[in-house]
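Participant: could you work out the structure for the sequence below:
(2 chains)
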2 protein chains.
Amino acid sequence: VGAISARSLLGLPEVQVGDDLAQLIVAALGEQSLTGGHVLVIAHTVVSKAEGAVVALAEVTPGARARELAEAQGRDARVVQVVLDESAEVLRAEHGVIISRTRHGFVCANAGVDASNAGDAAGEDRVVLLPRDPDASARRIRARLRELCAEEQRGAPAVLISDTFGRAWRLGQTDAAIGLAGLAPLDDWRGRRDADGRDLQATWLAIADAAAGAADLARAKDSREPVVIVEGLERFVTLDDGAGALALVRPREQDLFG
Amino acid sequence: VGAISARSLLGLPEVQVGDDLAQLIVAALGEQSLTGGHVLVIAHTVVSKAEGAVVALAEVTPGARARELAEAQGRDARVVQVVLDESAEVLRAEHGVIISRTRHGFVCANAGVDASNAGDAAGEDRVVLLPRDPDASARRIRARLRELCAEEQRGAPAVLISDTFGRAWRLGQTDAAIGLAGLAPLDDWRGRRDADGRDLQATWLAIADAAAGAADLARAKDSREPVVIVEGLERFVTLDDGAGALALVRPREQDLFG
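Facilitator: As a prediction, the model looks like this:
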């Protein structure tokens, strides 16, 4: 308590389908230590790429609805088709953006489908999806880090997979946790009291989303810095993998809207 | 670029109405340096207290609507009356919470009225409001810091006043910027391209909200640590005070909901 820091990991190569991401991270760390109290924040795009959650647009045939939306929004109908495929429910389609609820339950623009940073060596047009099960991805990466670093450390760092989401009432985007292993998603102070013995009001803190945001501040947006190491959150790191980032998704029946 | 850090400022006394907050901060800093590249994140409650944005509940007479809502929610009707007074529009009143748009335009629970941490020496029941004009508060504190630190530094640190807000689609709360002087609220990459020459999608980053969240991770929730010093954001700190945190408020006509 009292200080946190976040630094981006340099030297990670371009991630390809089938890569062992944990091994690439350990190699890039070199002499830098990674301990059980650290939180490794990984931009989802490299996780998705390693897992092959990538779609070549040449293989997509847009249907009628995708073509209609694409025409209205001036977009590539194949990209829109992929967005629809990834959406459990489209909430809004306006101003050139589709807001939807993904299969996982995340509400975000374009169902998390990312047309940037998706170039491959052959220059093929591809889009990057969200990982199929980001919490499982985080657990897998954490377990692999535990294997690779077994001699040097106890436990393993927590793993947080992030994406960049818009917000309902505020402009701009912030990073949020979509996959999580070994970090408490929420810090629950409900029912506890402050130093005066009064009930606390702001009492259910989305630690993992704040950590994702802090990590994003440590990297340049146009650079290859998908991995950030956050220190100072030891009190939220657990040996077991915990509830995962799905615990941050507000159930629909508790939605703040009509 | 590459690293950020946040550390809480220890030794700040309990803030009282009329206090010179900047002076208290400089005194608490002691030998610690504060430069023009730093961002000083201040929890709004101490700003509100110093400015007297505090209401003694003994002086509040709840009206009919406040009494009705209070009965339905099992709350103190005087607190509900203060919430209504601070609300330009009530969006929802359910599950023991009122979601409203404040006079400033912020959408948050209870119009930002905080019944915790409001104790005074006499133990009187008080609630803390949001500052009347948080951007002006931030500018005032920054100007005062500039006066007090003139010899030791060029420029002045940026000042960010934070509150803790809920989110529409995600559980838990994160800190957000409600007042800002000298920090870019948003980092605009729209229209720019990534290292592959592709359009960036996540391109309009709410820097100030991410910084508020990072700062909150550095303080214990039950402690007296309203001020956090963030380093590593020099590239977003400006000599002029800039647009302020109101630039983060999504205009109603761009709202993501029907």
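
Participant: sketch out the low-pLDDT regions of the stretch 101-250 of chain A for me.
Facilitator: A:116-123, A:150-155, A:193-202, A:221-223 (pLDDT under 70).

Participant: go again using 50 as the cut-off
Facilitator: Within the stretch 101-250 of chain A, not a single segment meets pLDDT under 50.

Participant: can you pull out the strands in it?
Facilitator: A:107-109, A:126-128, A:158-166, A:173-181, A:187-188, A:204-205, A:227-231 (DSSP state E, counting those that start in this stretch).

Participant: residues in contact with the closest residue to residue A:48 other than its chain neighbours?
Facilitator: Excluding the flanking residues, the one nearest residue A:48 by CB to CB, 6 or more residues apart in numbering or on different chains is residue A:128, at 4.9 Å. Glycine gets a C-beta too; all of them are placed from N, C-alpha and C. Listed by CB atoms under 8 Å, 6 or more residues apart in numbering or on different chains, the contact set of residue A:128 reads A:45, A:48-49, A:53-54, A:113-115, A:117-118.

Participant: tell me which of these is nearest to residue B:14?
Facilitator: residue A:45 (46.4 Å; CB to CB).

Participant: circling back: point out the most buried one among the strands of the stretch 101-250 of chain A.
Facilitator: Burial of the strands of the stretch 101-250 of chain A is given as mean neighbour count (mean count of other CB atoms under 10 Å in any protein chain shown); strand A:173-181 ranks first at a mean of 29.

Participant: tell me what angle that one forms with strand A:227-231.
Facilitator: If you take axes from the mean of the first three to the mean of the last three CA atoms, to 10 degrees, strand A:173-181 sits at 80 degrees to strand A:227-231.

Participant: ok now strand A:173-181, how far from the chain's centre?
Facilitator: 4 Å (CA atoms, centre = their mean, to the nearest Å).

Participant: closest to the centroid, which residue in chain A?
Facilitator: residue A:162 (1.9 Å; CA atoms, centre = their mean).

Participant: which residue packs closest to that residue, ignoring adjacent ones?
Facilitator: Per CB to CB, 6+ apart, closest to residue A:162 is residue A:212, 4.1 Å.

Participant: so that neighbour is in contact with residue A:179, correct?
Facilitator: No - with contact defined as CB atoms under 8 Å, residue A:212 and residue A:179 do not form a contacting pair (10.4 Å).

Participant: give the residues shared as contacts by those two.
Facilitator: residue A:160.

Participant: stretch A:22-40 vs chain B: in contact?
Facilitator: No - using CB under 8 Å from any CB of the partner chain, stretch A:22-40 stays clear of chain B, coming no nearer than 10.2 Å.

Participant: may I see the buried residues of that stretch?
Facilitator: Buried residues in stretch A:22-40, counted by 16 or more other CB atoms under 10 Å in any protein chain shown: A:22, A:24-26, A:29, A:34, A:36-40.

Participant: quick one: end-to-end distance for it.
Facilitator: One end of stretch A:22-40 sits 11 Å from the other (CA to CA, to the nearest Å).

Participant: tell me the mean pLDDT over that stretch?
Facilitator: What stretch A:22-40 shows for mean pLDDT is 90.

Participant: and for it, what's in contact with it?
Facilitator: Here stretch A:22-40 has contacts from A:9-13, A:15, A:42, A:141, A:144-145, A:148-149, A:152-160, A:183, A:211, A:227-231, A:233-234, A:237, A:239, using CB under 8 Å, 6+ apart.

Participant: restricted to helices, list these.
Facilitator: With DSSP state H as the criterion, helices contain A:141, A:144-145, A:148, A:211 from among the contacts of stretch A:22-40.

Participant: residues making contact with stretch A:136-145?
Facilitator: A:20-23, A:25-26, A:34, A:40, A:42, A:47, A:51, A:131, A:156-161, A:179-182, A:241, A:244-245.

Participant: extract the CA atoms of it and return them as PDB.
Facilitator: C-alpha atoms of stretch A:136-145 as PDB (Å, rounded to 0.1, in the frame of the first residue of the first chain):
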ATOM      1  CA  ALA A 136      -9.100 -19.400 -19.500                       C
ATOM      2  CA  SER A 137      -6.400 -17.700 -21.600                       C
ATOM      3  CA  ALA A 138      -5.200 -15.800 -18.500                       C
ATOM      4  CA  ARG A 139      -5.100 -19.000 -16.400                       C
ATOM      5  CA  ARG A 140      -3.200 -20.900 -19.200                       C
ATOM      6  CA  ILE A 141      -0.600 -18.100 -19.500                       C
ATOM      7  CA  ARG A 142      -0.200 -18.000 -15.700                       C
ATOM      8  CA  ALA A 143       0.200 -21.700 -15.500                       C
ATOM      9  CA  ARG A 144       2.800 -21.600 -18.200                       C
ATOM     10  CA  LEU A 145       4.700 -18.800 -16.500                       C
END
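
Participant: list the buried residues in that stretch.
Facilitator: For stretch A:136-145, a neighbour-count test (16+ other CB under 10 Å) marks A:137-142, A:144-145 as buried.

Participant: what's the closest of those to chain B?
Facilitator: Nearest to chain B, judged by CB to the nearest CB, of these is residue A:138 at 17.0 Å.

Participant: what distance do you get for the closest one to residue A:186?
Facilitator: Using CB to CB, to the nearest Å, residue A:138 is found at 16 Å from residue A:186.

Participant: ok, residue A:224 next?
Facilitator: Applying CB to CB, the value for residue A:224 to residue A:186 is 31 Å.

Participant: then residue A:211?
Facilitator: Residue A:211 is 12 Å from residue A:186, where distance means CB to CB.

Participant: before we move on, what about residue A:146?
Facilitator: 24 Å.

Participant: now residue A:59
Facilitator: Remark: distance between residue A:59 and residue A:186 (CB to CB) = 40 Å.

Participant: neighbour-wise, which of these two wins?
Facilitator: Between residue A:59 and residue A:186, counted using other CB atoms under 10 Å in any protein chain shown, the more crowded position is residue A:186 (20 against 8).

Participant: nearest residue to the more buried one other than its sequence neighbours?
Facilitator: Excluding the flanking residues, the one nearest residue A:186 by CB to CB, 6+ apart is residue B:172, at 4.6 Å.

Participant: that neighbour: what's it in contact with?
Facilitator: Taking CB under 8 Å, 6+ apart, we find residue B:172 in contact with A:185-186, A:204-207, A:209, A:248, B:166.

Participant: now flag whichever of those residues is closest to residue A:64.
Facilitator: Of all the contacts of residue B:172, residue A:248 has the smallest distance to residue A:64: 34.9 Å, by CB to CB.

Participant: residue B:171 is in contact with that closest one, correct?
Facilitator: Yes - using CB under 8 Å, residue A:248 is in contact with residue B:171, at 5.5 Å.

Participant: between these two, what contacts are shared?
Facilitator: Both residue A:248 and residue B:171 are contacted by A:186, A:206, under the criterion CB under 8 Å, 6+ apart.

Participant: in terms of neighbours, single out the busier of the two.
Facilitator: Ranked by neighbour count (other CB under 10 Å), residue A:248 and residue B:171 place residue A:248 first, with 24 against 17.

Participant: gap between the more buried one and chain B?
Facilitator: According to CB to the nearest CB, to the nearest Å, residue A:248 and chain B sit 5 Å apart.

Participant: ok, now which ones touch that residue?
Facilitator: Applying CB under 8 Å, 6+ apart, the residues near residue A:248 are A:176-177, A:185-186, A:206, A:208-209, B:170-172.
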